[in-house]
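Novice: from the sequence below, what's the structure:
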Amino acid sequence: MILNLEIKKLKRTGYLPAFLGGALLASAFPLANMLFRPETFTAMPGNPFDILMDANWQMMAMLNTLVSICGACMMYHTEYADHGAQKMDVLPIHAGSTFLGKSVIAAFMLAMVTAVEVLILAGCALHWFPDYRPDTAELLKNILGSILFQWTASLPTVVLMLVIASACKNMWVSLGTGVILVFTLFIFPQDNVVLSLFPFSSPYQTLATAAENDRIFLFLGVCAAEILVFGVLELIYQKLRRCVE
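Specialist: Sure thing, here's the model as predicted:
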């Protein structure tokens, strides 16, 4: 029931078009690279899919993060507009159910965007690298593994942004906070293990790089732990907010 309610809240906010537009914009980046300077990438040795992922994913991940920030701000703007959050407090609804519903929607949209972008990268590799003809099993393994890894690496950022948006009644405060965190974490060295595990930094990591450094399970485990921690923090905040207000 709560999931249907959250979907209805988003119908007139432009949430879905924003994510679709973000996915198309991010997918256009590798296409533009291959259209205007294909020889730069086709001359590189190695797996073509990994070459394109390493060359394009940083920009694509930044666009995904910015769209997720805007989405989180839109979600909670509808809650605080006309005192909607206070009205929800008087209903027999668990404090964390609203946050859970929003998180499920945000996670699904992130998975959809990630899947579209990884498929575009795979299509570019097949089209512009004539010698790249992997068997179906290998191609599916690369695609599904990349989707799962990139989605998991980006999910803590999405959940943390929802926590920030839930704590800010003014949408511009949460939006500004998210943008500052994006560009602050982006300038940090991405090859540092500790820094690369932080939210707003982990989305830039790729499956090939993690596999090369034997950090796949480290990233997956830390990201899962971060999601749980942020969820607990949100529950604590919601209980405190109800007591104060």
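
Novice: list phi and psi for residue 200.
Specialist: phi 70, psi 0 (degrees, to the nearest 10).

Novice: can you get me a residue count around it?
Specialist: 23 (other CB atoms under 10 Å). Using the backbone N, CA and C atoms, a C-beta is placed for each residue, glycine as well.

Novice: quick one: it from residue 12, how far?
Specialist: From residue 200 over to residue 12 the distance is 29 Å, taken as CB to CB, to the nearest Å.

Novice: same thing with residue 196?
Specialist: 38 Å.

Novice: more neighbours, those two?
Specialist: More neighbours surround residue 196 than the other of residue 196 and residue 12, with 23 against 8 (other CB under 10 Å).

Novice: that one and residue 217: what is the separation?
Specialist: Applying CB to CB to residue 196 and residue 217 gives a distance of 14 Å.

Novice: same question for residue 112.
Specialist: 25 Å.

Novice: same question, residue 48
Specialist: Distance from residue 48 to residue 217, by CB to CB: 26 Å.

Novice: quick one: which of the two has more around it?
Specialist: Each of residue 48 and residue 217 has its neighbours counted (other CB under 10 Å); residue 48 has more, 22 against 9.

Novice: check the more buried one and give its pLDDT.
Specialist: For residue 48, the pLDDT comes out at 90.

Novice: ok, the closest residue to residue 38 other than its chain neighbours - contacts?
Specialist: Leaving out its chain neighbours, the residue that sits closest to residue 38 by CB to CB, 6 or more residues apart in numbering is residue 128, at 5.3 Å. Applying CB atoms under 8 Å, 6 or more residues apart in numbering to residue 128 gives the contacts 34, 38, 41-42, 48.

Novice: the residues you listed into CSV, with extra columns for distance to residue 189 and secondary structure?
Specialist: What follows is the contacts of residue 128, written out as CSV (distance: CB to CB, whole Å; DSSP: H, G, I helix; E, B strand; the rest coil):
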residue, distance to residue 189, secondary structure
34, 28, helix
38, 30, helix
41, 24, helix
42, 29, helix
48, 27, helix
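
Novice: identify, from the residues you listed, the entry nearest to residue 145.
Specialist: Set against residue 145, the nearest of the contacts of residue 128 by CB to CB is residue 48 (15.6 Å).

Novice: centroid-nearest residue for the chain?
Specialist: Centroid-nearest residue in the chain, with CA atoms, centre = their mean: residue 154, separated by 4.0 Å.

Novice: for residue 203, see how far away that residue is.
Specialist: With CB to CB as the criterion, residue 154 and residue 203 are 4 Å apart.

Novice: same deal with residue 188?
Specialist: Taking CB to CB, one finds residue 188 at 13 Å from residue 203.

Novice: same drill for those two, tell me which one is more crowded.
Specialist: Neighbours of residue 188 and residue 203, each counted by other CB under 10 Å, are more numerous for residue 203; the result is 28 against 15.

Novice: for that one, what are its contacts?
Specialist: By CB under 8 Å, 6+ apart, the contact set of residue 203 is 61-62, 64-65, 150, 153-154, 157.

Novice: from the residues you listed, which is closest to residue 208?
Specialist: For the contacts of residue 203, the nearest to residue 208 is residue 150 (11.1 Å; CB to CB).
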